[in-house]
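Participant: Here is my input, please return the structure:
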Amino acid sequence: MFKIKNVLATLALGGLCASAWSTPAAAPMASMPGMGSMPGMASMSQGQAMPQPAVPGNPVSVGGPGTASAVSRTIRILADDRMRFSPDVVHVKPGETVRIVVVNQGQARHELTIGVQSELEEHAKMMAAMPDMPNGKEPNMVAVAPQGQGELIWRFGQPGTVPFACTMPGHMQQGMIGRFIVD
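Facilitator: Numbering: from 1, shown residues only. A predicted model of the protein is given here:
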């Protein structure tokens with residue numbers, strides 16, 4: 001019974017995590033009871049994130065998935081088997097939506113995952129515990145086969161630092177990390 005409860009809790013949490021990345025149909029926040037009278041809420045759409053500083057430990061602060069029509073530029077990041085990204089520091093503007101193209105120049109599979117530091121570390125631990133786990137497509141990550149390339153579209157939030165890493169087993173620990181400077 002305990003295992004079943006844990007599985008159900010995990011599935012429920014997975015649904016919550018997935019829903020955090022989904023984009024609900026835009027409905028004015030003012031249509032929600034009590035929200036229209038709050039300053040600034042009447043003009044916001046449901047599902048629109050409140051601006052937050054890019055502070056580690058605040059998941060909203062890293063930004064979120066962007067749309068192709070809003071892309072202002074493409075950023076190319078190289079990944080290689082020396083366990084490095086190049087460039088490993090990228091400057092973006094607050095609110096900017098970019099296409100991030102990850103080019104894997106190595107013989108090993110790599111990924112680029114955007115998140116707060118604690119989430120990246122937790123995901124790296126999970127990947128180490130389950131190295132044969134298939135790489136899913138998430139809005140904040142792209143997995144790239146050897147000699148391949150992949151992309152994601154991301155909209156950055158308020159000024160600050162947004163980390164990224166390769167969370168394939170051992171890669172982050174060997175220094176395959178980088179950061180977006182939102183300024």
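
Participant: contacting residues for residue 95?
Facilitator: Going by CB atoms under 8 Å, 6 or more residues apart in numbering, residue 95 touches 155-157. Bear in mind the C-beta positions are built from the backbone N, C-alpha and C, glycine included.

Participant: Surely residue 122 forms part of a strand?
Facilitator: No. Secondary structure of residue 122 (DSSP: H, G, I helix; E, B strand; the rest coil): helix, not part of a strand.

Participant: quick one: it from residue 165, how far?
Facilitator: 11 Å (CB to CB, to the nearest Å).

Participant: Then residue 157?
Facilitator: Residue 157 sits at a distance of 18 Å from residue 165 (criterion: CB to CB).

Participant: Of the two, which one has the most company?
Facilitator: Between residue 157 and residue 165, residue 165 has the larger neighbour count (other CB atoms under 10 Å), namely 26 against 23.

Participant: just to revisit the earlier point, identify, from the contacts of residue 95, the entry nearest to residue 108.
Facilitator: Closest approach between the contacts of residue 95 and residue 108, by CB to CB: residue 156, at 28.3 Å.

Participant: In contact with the spatially closest residue to that closest one that is not a sequence neighbour: list those residues for me.
Facilitator: The spatially closest residue to residue 156, leaving aside those adjacent along the chain, is residue 63, at 4.2 Å (CB to CB, 6 or more residues apart in numbering). Contacts for residue 63 (CB under 8 Å, 6+ apart) come out as 54, 114, 154-157, 162, 182.
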